[in-house]
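Participant: quick one, structure for this:
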Amino acid sequence: MMDAATRPLTLMFGFLALALMSYGTAFGAAHEEKGVNVGPGEMGIDAVIIDGPPIKADQVQSNEHATYPRGMTCAECHQVDFFDVDLVTSASKQFVNNFPNLSQEEIWQKVVAFLPGRERFAIATVQDDMPTATTVDMVLDVDEKVFYVVSERGTEKLLQLRINPNISAVRFKGWTVADGGAKQWVSVQMKGTAEVIESTDPRFMQLLEKYSLVRISKPRAVRRFDIIKVTPKQIYYFDTTLGKDSYSPYQLWLRDGSDS
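Facilitator: The predicted structure is shown next:
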């Protein structure tokens, strides 16, 4: 909490920085005198917090904004209004808005490289405002920019998708506390719509070929499975290694091809 005497000074410095972090250099030490050191984050660097003015989630930092290292978020120094913005992962959008972005084609190629074959995704479907999370194997059709899933008939997710075609999915690889190792994360997070394709559909056998079915013969697959076609509307490609080149770790790909 700030008293009346310190508020003007705090706001003045807040316009200059989201967060300043000490590297043990004269630069870091000088700013630490003006802020509060709240300790290290996941990058192992101490964070020096200087209270800033309230901002909106879609606000873009000015050219006069002070330089600060990676690992901090706007909400650590500012009161951020995450509501009534754009209903698109506002915290992630802050990174997209405030750091350099790759082109839409470059983002897509990274998605393709991350998903070379049948990949295990967690998906979420919804019925009556109640989400259901399950795991599936997805195959990316690179040319059509869609995903295919082979699913047992009668599963809850298929019943829900017939009622509500909206779907969300994520594929993740990277560091965990249990595994240790290099602290790097890569993921694909997408939102889109799904179409359930039954075995009587003329497209079924062709799509089954694209899926590279294993363990089950095609005659059995026709009797046993439906295919889900997932059309992503947006994909967040997240990669902590992008920070090495000063890019946003979150890269937003949009199906309409527009820049974020």
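
Participant: bridge partners for the spatially most central residue of the chain, pull those for me.
Facilitator: Centroid-nearest residue in the chain, with Cα atoms, centre = their mean: residue 236, separated by 4.2 Å. As for beta bridges, residue 236 partners with residue 189, residue 252 under DSSP bridges.

Participant: thought it was touching residue 188?
Facilitator: Yes. Using Cβ atoms under 8 Å, residue 236 is in contact with residue 188, at 7.5 Å. The C-beta positions use only the backbone N, C-alpha and C, and glycine is treated the same way.

Participant: quick revisit: report the separation between the residue nearest to the centre of the chain and residue 178.
Facilitator: According to Cβ to Cβ, to the nearest Å, residue 236 and residue 178 sit 25 Å apart.

Participant: again with residue 110
Facilitator: 27 Å.

Participant: show me where the stretch 51-200 of the chain dips below the pLDDT cut-off.
Facilitator: The stretch 51-200 of the chain contains residues with pLDDT under 70 at 66-71, 84-91.

Participant: all strands of it, in order?
Facilitator: Secondary structure of the stretch 51-200 of the chain (DSSP state E, counting those that start in this stretch): strands located at 55-56, 80-81, 119-127, 130-141, 146-152, 166-174, 185-197.

Participant: need the ones you listed in CSV with mean neighbour count and distance to residue 92, can you?
Facilitator: Output for those, formatted as CSV (neighbours: other Cβ atoms under 10 Å; distance: least, Cβ to Cβ, whole Å):
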stretch, mean neighbour count, distance to residue 92
strand 55-56, 18, 15
strand 80-81, 17, 13
strand 119-127, 17, 17
strand 130-141, 15, 19
strand 146-152, 20, 21
strand 166-174, 17, 12
strand 185-197, 19, 8
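
Participant: using TSV, please lay out those together with distance to residue 220.
Facilitator: Below are the strands of the stretch 51-200 of the chain laid out as TSV (distance: least, Cβ to Cβ, whole Å):
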stretch	distance to residue 220
strand 55-56	55
strand 80-81	53
strand 119-127	22
strand 130-141	17
strand 146-152	12
strand 166-174	26
strand 185-197	17
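
Participant: which of those sits closest to residue 219?
Facilitator: In terms of Cβ to Cβ, the element of those nearest to residue 219 is strand 146-152, at 14.5 Å.

Participant: for the stretch 151-260 of the chain, what spans make up the helices?
Facilitator: Under the criterion DSSP state H, counting those that start in this stretch, the stretch 151-260 of the chain carries helices at the ranges 156-163, 204-211, 218-224.

Participant: by contact count, what packs against the last one?
Facilitator: To tie it back to what came earlier, the one meant is helix 218-224. With contacts taken as 3 or more Cβ pairs under 8 Å, 6 or more residues apart in numbering; DSSP states H and E, helix 218-224 sits against helix 204-211.

Participant: show me this structure divided up by domain.
Facilitator: 7-98, 104-254 (automatic domain parsing).
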